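# Sequence and predicted model, in that order:
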Amino acid sequence: MGPMHLTRQEEAVLAGETGQGKRKALELLVALGDIYNAERLVPIASAQVSGASFKTVGDAGIKWLEDFSKAAKVSVRATVNPLGLDMRRWKSMGVDAEFHSKQDRIVSAYKAMGLEPLYTCTPYLAGNRPRAGQHLAWAESSATVFANSYLGARTNREGGPSALAAAIIGKTPEYGLHLDENREPRVRIDLEGIPDGLVPLAGYVVGKIAGNRVPYITNLDITADGHKAFGAALAATSAVSMYTYSEKGRRSRTDLSRIEECVSLPTSELKACADGLKGDDDWDLVAMGCPHCSPAELRSMARRLKGRRPSKRSDVWFCTSRSVYAKCPKEVAVLKRFGKVLCDTCMVVAPIEKTYKRTASDSGKAMVYLPTLGRQRASFRTTETLLEAVSR
Ligand code: F3S
């Protein structure tokens, strides 16, 4: 296959006729498209850009973003992943002034380029909910899985720079999960049913089985928030950004003709995985909201904690988006008695290693990243167990 076909307008952008920022952005997309044998660029409905916390961006990244921001503006709706701090309560998180000022430069660069100041991994809960069939350029791995698998939109798992370039051009190269043939499942995984609280670990185990094949999962009878937690963990333990599934009593419309392997995943294996990730019995930090909590999750946690008192055995973080926080003042008031309700950030991209060593979470994804990015001894517990532990 030859190089990607470009329209006359795209050729003009590449020749620098619409400015150097656009030229650089399109060059990046064309290089990517050529590597993956894309035939053309397709228009996107939105972009979601990762690489927002100073902890992952670093000094070189700030310079790159600042240079880029002088010459480029986004041309479609674009949001940003969580930062390394809550913009209003960063001092109470133990973040120092230097980190804050560097984080501020990243925020300013994104703002100058016209990205929405929506620092969340769940943009679909914060006003940017894609429709089925729409092409996107999203970078956050948990959000790409949710968009592809639950919402039926089409996005590859972009890197920060390619998502930003797509936001500037308003298009992305058409390869990978933008094409029907790559969305067909190759491995079938039979679940017996998932015990309460272990949905994130089901994603964790399914990801390990799937590797780089889109899985088809039977009997995945879970809520939208279940899909959020399941997909986040799946993306953390695999290279895939999509799954297909059936629910009990519903006929699936998935084409199963390319399935090459069938695996059964008994409940006992999920329980064994939970045991393996148990870790310590007491913690410096209990962190919930990975991915960021939905209104329904805040409601259910507040309901469980109402009438109880904080146990004060460890610090507690509930992470959510600023938009969901603003929608749930009563729930936030209840949760605040037990810990911090943080926006714009999370336990993985905040510099928690400066304050904590042992962190417990109910997230399968966090079990992958807390030990690496967060340098924590991580413990998995169900949401219910954690709520019990933080209250009395
Ligand atoms: Fe979101 Fe942070 Fe988890 S970005 S998916 S809360 S690691």
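Perfect, I can see it now. Numbering: from 1, shown residues only.
# okay, now Gly289: neighbour count?
By the criterion of other C-beta atoms under 10 Å, Gly289 has 27 neighbours. Heads up, the C-betas are built off the backbone N, CA and C, glycines and all.
# Oh, that last question was meant for Pro215, not what I typed.
Residues near Pro215, counting by other C-beta under 10 Å: 25.
# doesn't Ile189 make contact with it?
Yes: using C-beta atoms under 8 Å, Pro215 is in contact with Ile189, at 5.2 Å.
# For the stretch 251-392 of the chain, give me the ranges with low pLDDT.
The stretch 251-392 of the chain contains no residues with pLDDT under 70.
# what residues does it put near the ligand?
Proximity of the stretch 251-392 of the chain to the ligand (C-beta under 6 Å from any ligand atom) is limited to residues Cys290, Pro291, His292, Cys319, Cys346, Val348, Val349, Lys365, Tyr369.
# The first one in helix, strand or coil?
Under DSSP: H, G, I helix; E, B strand; the rest coil, Cys290 falls in the strand class.
# follow-up on the earlier one: show me the common contact partners of Pro215 and Ile189, please.
Val206, Ile209 (C-beta atoms under 8 Å, 6 or more residues apart in numbering).
# Over to stretch 155-174 now: how far is its first residue from its last?
End-to-end distance of stretch 155-174 (C-alpha to C-alpha, to the nearest Å): 9 Å.
# In that stretch, which residues are buried?
Neighbour-count burial for stretch 155-174, with 16 or more other C-beta atoms under 10 Å as criterion, is recorded at 155-158, 160-174.
# Would you check how far apart the residue most central in space within the chain and Thr56 are?
The centre of the chain sits closest to Ser142, judged by C-alpha atoms, centre = their mean, with a distance of 3.2 Å. The gap separating Ser142 from Thr56 is 15 Å, by C-beta to C-beta, to the nearest Å.
# Tell me who's in contact with the closest residue in space to Ala45 that isn't next to it in sequence.
Among residues not flanking Ala45 along the chain, Gln134 sits closest, at 4.1 Å (C-beta to C-beta, 6 or more residues apart in numbering). Applying C-beta under 8 Å, 6+ apart, we find Gln134 in contact with Ile44, Ala45, Ser46, Ala153, Arg154.
# before we move on, what about Asp86?
By C-beta under 8 Å, 6+ apart, the neighbours of Asp86 are Met93, Lys340, Leu342, Cys343, Asp344, Thr345.
# among these, which two are most distant?
Greatest spacing in those, by C-beta to C-beta: Lys340 and Asp344 (12.3 Å).
# Which of the two has more residues huddled nearby?
Asp344 (30 against 16).
# How about the backbone phi and psi for the nearest residue in space to that one that is not next to it in sequence?
Once flanking residues are discounted, Asp344 sits nearest to Tyr119: 4.1 Å by C-beta to C-beta, 6+ apart. Backbone torsions for Tyr119, taken as degrees, to the nearest 10, come to phi -90, psi 80.
# does Tyr119 really touch Asn81, like I thought?
Yes: using C-beta under 8 Å, Tyr119 is in contact with Asn81, at 6.9 Å.
# and for these two, which residues touch both?
Jointly contacting Tyr119 and Asn81 under the rule C-beta under 8 Å, 6+ apart are Ala52.
# For the stretch 51-200 of the chain, which residues are neighbours of the ligand?
Counting by C-beta under 6 Å from any ligand atom, the stretch 51-200 of the chain sits next to the ligand at Asn81, Pro82, Cys121, Ser142.
# ok, the residues you listed vs the ligand, which is closest?
Among these, Cys121 lies closest to the ligand (C-beta to the nearest ligand atom), at 3.1 Å.
# so that closest one, which of the three states?
What three-state DSSP gives for Cys121 is coil.
# Do you know the pLDDT at it?
pLDDT for Cys121: 98.
# okay, now it: neighbour count?
32.
# you'd agree it is up against Val145?
No: counting by C-beta under 8 Å, Cys121 sits too far from Val145 to count as a contact (10.9 Å).
# Return every residue with contacts to both of the two.
Shared contacts of Cys121 and Val145, counting by C-beta under 8 Å, 6+ apart, come down to Ala232.
# just the helices in the stretch 251-392 of the chain please.
In the stretch 251-392 of the chain, helices defined by DSSP state H, counting those that start in this stretch lie at 267-276, 295-305, 322-327, 329-336, 364-372, 383-389, listed in chain order.
# next one: the stretch 51-200 of the chain
Under DSSP H, counting those that start in this stretch, the stretch 51-200 of the chain gives helices at 54-69, 97-112, 141-145, 160-169, 199-210.
# Thr267 reaches Gly193, doesn't it?
Yes: judged on C-beta under 8 Å, Thr267 makes contact with Gly193 at a distance of 6.8 Å.
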